[in-house]
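1. Can you look at this prediction? I've put the sequence above it.
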Amino acid sequence: MRSPAPSLRPSSAPQPARVPREHPFLQHLRESVLATDTYIGPLPGRIAPSSPEEAARRTAQAFSTRRLPPEIQDEGVRQHVLRTLAYMDRLGVSVTGVRIGLAFPDASGLFHVNIKLYLQEGYVGGSLVLKKQDAGWVVSDLLLDTASFLSPETEERPFAPGGYAMLPLY
């Protein structure tokens, strides 16, 4: 004897329970995890054209392109960058790449962005301080470890993880 064909009508059998949107496990999935450089800290994801990270990237690239970006408007910062570039020329140091970290605001409204300049051998680190002005960002300070041009770091620092987010076990 043949079994009856399956019915397309909704069954009255209990359906499997769906996980509610506010389940504690799902809240951890919604949080984004940023890639991290062991020297400069968290890295930005996508960079918006009008973000402080983009202004920092253009400024940091001045060390490899040898062109000052429009974000460097302060004469003191401009002279500091030019002196640093001249010092790098005397040492025969050239920047082969840059990496920027995530921008962090401070209480005064300035944004701090850690930078990493890759050299022929190794890298040096520093920090840019940016402030919002009119429709864009300007560099208000540049802190660069110029002494490291003589002996740049050549090894990545060991990974030292921060705190872990523990998932609740139910």
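-> Structure received. Residues are numbered from 1 along each chain as shown.

2. What sits closest to the residue minimising distance to the centre of the chain if chain neighbours are left out?
-> Centroid check for the chain by CA atoms, centre = their mean gives L43 as the closest residue, at 2.2 Å. Using CB to CB, 6 or more residues apart in numbering and skipping residues adjacent in sequence, the residue nearest L43 is A35, 4.7 Å away. (C-beta placed from N, C-alpha, C; glycine too.)

3. What separation is there between the one you found and A60?
-> 17 Å (CB to CB, to the nearest Å).

4. more neighbours, those two?
-> A60 (23 against 9; other CB atoms under 10 Å).

5. Now do the same contact list for that one.
-> V98, I100, I115, L117, L128 (CB atoms under 8 Å, 6 or more residues apart in numbering).

6. ok, 10 Å please
-> If a contact means CB atoms under 10 Å, 6 or more residues apart in numbering, then A60 has 69, 95, 97-100, 113, 115-117, 126, 128, 142, 144 as its contacts.

7. One more: V93?
-> 63, 85, 87, 117, 119-121, 124, 146, 148-150, 152.

8. Buried by neighbour count, from the contacts of A60: which ones?
-> Among those, those buried by neighbour count (16 or more other CB atoms under 10 Å) are 69, 95, 98-100, 113, 115-117, 126, 128, 142, 144.
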